[in-house]
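Novice: Okay, sequence plus prediction incoming.
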Amino acid sequence: MINIDLLSFGKNLRPSAVDAINKINEIINATNGQIESRLTALEARFSNDIDWTLLPLSSDFQSYNVGQNELKYKRTGNVVNISGQIKPTLELDNSSHVIATLPASISPSVSHSVVCNGSSKNTFMLSASGGELKLARYGTASSGTVPVNAFLVVEITYVL
C-alpha cells in the first residue's frame, strides 16, 4: 500500500501542506481499495478456468487423426470453447447422435447450436444441450446418413 509519511518531510510543514498530504493519502487508500476489489472480482471470475482438456467421445465416434485435433474443451470465465475433428465409427442414420457427454463445469443451461462442416460439401448441426454434445442433420440440401469415416469439424463457443 502506498502512503506518504509526514515525518519524511520534516517537522516544519505548514498546516495546509499537512492537510494536502492527508488528502492525498485518503485518495491513494481509496484507489488501493478499488484496485483490490477489482482484482478480487477478476480472480473470482476466472477461478473456474479450465485449460484445454480432452473430451471423451461416445462409442459412435473417434478422433479423425489420433493425436491431432482431438476433441477438447476449454473454459475461460463463462466462455466455453469445444474444438476438434472426429469421424463416426459406423454409418449413422439421420437422427440425432451423442458425440460426447459434457462435464457439469461446461454444460450450458440453455441449448446452443451451430452449423459445422463435414466431408465434401456436407454440413451438420452441432448442439450443446442437456449435458450432451450432439450431431444432427448431416447432408447438403437434406439430412441423410453419415458415412463411416466422414470428416466432421466440431467447433462451438458459448457463454454459460
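Specialist: Ah, there it is.
Novice: Return the distance of the lowest-mean-pLDDT helix or strand in the chain from the chain's centre.
Specialist: The weakest-scoring helix or strand in the chain, judged by mean pLDDT, DSSP states H and E, is helix 15-45 (a mean of 73). Centre-to-centre, helix 15-45 and its host chain are 33 Å apart (Cα atoms, centre = their mean, to the nearest Å).
Novice: Output the contacting helices and strands for the helix or strand just after it.
Specialist: With elements assigned by DSSP states H and E, the helix or strand that comes after helix 15-45 is strand 50-54. Here strand 50-54 touches strand 72-76, going by 3 or more Cβ pairs under 8 Å, 6 or more residues apart in numbering; DSSP states H and E. To be clear about C-beta, it is placed using only N, CA and C from the backbone, and glycine gets the same treatment.
Novice: partners of the strand it packs on in the sheet?
Specialist: With DSSP bridges as the test, strand 72-76 is paired with strand 50-54 (antiparallel), strand 79-88 (antiparallel).
Novice: got the contact list for it?
Specialist: Under the criterion Cβ atoms under 8 Å, 6 or more residues apart in numbering, residues 46, 48-55, 80-84, 102-103, 105-106, 160 lie in contact with strand 72-76.
Novice: how big is the angle separating it from helix 15-45?
Specialist: Counting by axes from the mean of the first three to the mean of the last three Cα atoms, to 10 degrees, strand 72-76 lies at 160 degrees to helix 15-45.
Novice: Could you give the average pLDDT over strand 72-76?
Specialist: Strand 72-76 shows a mean pLDDT of 96.
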